[in-house]
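next input, structure requested:
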Amino acid sequence: RPAPVPGVVVTGGDPAFAAQLARLLTDAGRPAVHAERLDPAAPAVPGAPDAVIHLGSPHDTGYPLADLLADAEKLGARRLVHASSAAVYRGGAAEDRTEDSVTESPKDAEARLWWDAEQQCRAWGRQSGTPVQIVRFAEPVGPHAPLGGVLADWMLRAWTRRPMPLTEGRRHQIVDYRDMAGALAALLARPAGPEVCNVASAGYDETALAELVTETARRTPWEQAPAPAAHTPLMSTDLITAETGWRPSASVRNGARAQAQWLACDTHDDLVGLWA
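Got it, this is the predicted structure:
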């Protein structure tokens with residue numbers, strides 16, 4: 001029996017993480033392939049895909065967003081899902097953020113970068129007539145996850161025997177890599193709905209997140225740190241649940257353990273360089 005024709009292309013972000021997400025989407029019933037660029041001549045890229053999932057990051061200059069959008073239009077993509085970040089809420093009030101909590105350019109510089117990328121996707125959708133959905137993910141957790149989050153930083157500190165700096169009063173959210181795929185599959189199973197959705201697996205206070213590191217990586221000393229200038233508040237995920245029925249189901253401890261093992265083993269030779 002022939003394999004189903006891929007209808008989803010995953011691009012952007014770390015290639016290993018994007019390829020992993022494509023495999024998980026396929027396992028969830030949404031045949032997907034990974035392509036570092038939307039090149040119509042590439043064997044992996046189907047003509048006019050049902051959807052392009054772009055793992056966006058304003059710090060990723062390898063595939064500029066303007067080029068991605070132009071290529072998606074040339075390819076005839078029928079839908080764009082832009083994977084954004086909870087960082088767009090940085091500097092906001094402490095209560096759980098809903099999708100309509102940000103209606104104008106944020107004052108926080110990091111939040112503004114993510115907001116501007118979202119606005120670029122929205123403008124392209126209006127111009128091209130292509131449905132665009134924005135998914136704001138909490139800090140991703142799992143193998144090949146980005147290293148810029150608090151959990152990843154603390155795990156690296158644990159493996160290199162450095163103390164974890166805890167800041168009193170902070171709260172954190174993470175999203176397991178398998179829940180990311182499940183949420184995206186749930187959205188793609190329906191016609192394009194809400195323009196923006198929040199996705200997270202679990203929330204933690206500062207001490208509970210530190211305990212997760214000690215359970216899944218290595219016990220390491222803690223130290224009190226001054227409060228940062230801005231922090232990302234928790235998000236409400238009620239909207240995606242109401243629209244699709246999706247709920248987080250992955251074991252975040254297993255996901256964190258897989259991330260810790262990846263950091264300890266697959267990136268062992270790079271740890272010194274990462275800290276440098």
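
can you pull out the residues in contact with stretch 87-96?
With contacts defined as CB atoms under 8 Å, 6 or more residues apart in numbering, stretch 87-96 is touched by 97, 101-102, 106-108, 110-111, 114-115, 118, 136, 171, 230-236. Bear in mind the C-beta positions are built from the backbone N, C-alpha and C, glycine included.

Thr11 belongs to a helix?
No - applying DSSP: H, G, I helix; E, B strand; the rest coil, one finds Thr11 to be strand, outside a helix.

and it, what does it touch?
18, 34-38, 52-55, 63, 68 are the contacts of Thr11 under CB under 8 Å, 6+ apart.

let's see it at 10 Å
Applying CB atoms under 10 Å, 6 or more residues apart in numbering, we find Thr11 in contact with 18, 22, 33-38, 45, 52-56, 63, 68, 71-72.

which ones among those lie within strands?
Applying DSSP state E to these, the entries found in strands are 33-34, 52-55.

mind putting the residues you listed in a markdown table, distance to Pro143 and neighbour count included?
Conversion of the ones in strands among the contacts of Thr11 to a markdown table gives the following (distance: CB to CB, whole Å; neighbours: other CB atoms under 10 Å):
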| residue | distance to Pro143 | neighbour count |
| --- | --- | --- |
| Val33 | 19 | 22 |
| His34 | 15 | 25 |
| Val52 | 23 | 25 |
| Ile53 | 18 | 31 |
| His54 | 20 | 25 |
| Leu55 | 15 | 24 |
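
before we move on, the earlier item: just the buried ones from the contacts of stretch 87-96?
Neighbour-count burial (16 or more other CB atoms under 10 Å) applied to those gives 97, 101-102, 106, 108, 110-111, 114-115, 118, 136, 171, 230-235.

so which of these belong to helices?
If you go by DSSP state H, the buried ones among the contacts of stretch 87-96 have 110-111, 114-115, 118 in helices.

contacting residues around the host helix or strand of Ala256?
Assigned by DSSP states H and E, Ala256 belongs to helix 252-264. Outside helix 252-264, the residues within contact range by CB under 10 Å, 6+ apart are 16, 140-145, 147, 149, 151-152, 154-156, 158-160, 174-180, 201-202, 204, 209, 212-213, 215-218, 251, 268, 270-271, 274.

selecting buried members of the residues you listed in ChimeraX, what would you type?
To isolate the buried members of the contacts of helix 252-264 in ChimeraX, using 16+ other CB under 10 Å:
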select :140,141,142,143,144,145,147,149,151,152,154,155,156,158,159,174,175,176,177,178,179,180,201,202,204,209,212,213,216,217
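
and Pro140, which of the three is it?
Three-state call for Pro140 (three-state DSSP): strand.

so how far is Leu113 from it?
Pro140 is 17 Å from Leu113, where distance means CB to CB, to the nearest Å.

dump the ones in helices among the buried ones among the contacts of stretch 87-96 into a markdown table; add distance to Gly125 and pLDDT as well.
A markdown table is the format used below for these (distance: CB to CB, whole Å; pLDDT from 0 to 100):
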| residue | distance to Gly125 | pLDDT |
| --- | --- | --- |
| Glu110 | 24 | 93 |
| Ala111 | 21 | 95 |
| Trp114 | 17 | 96 |
| Trp115 | 16 | 97 |
| Glu118 | 11 | 97 |
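
give me the neighbour count for Pro191.
Neighbourhood size, Pro191 [other CB atoms under 10 Å]: 8.

fine by me, we can end here.
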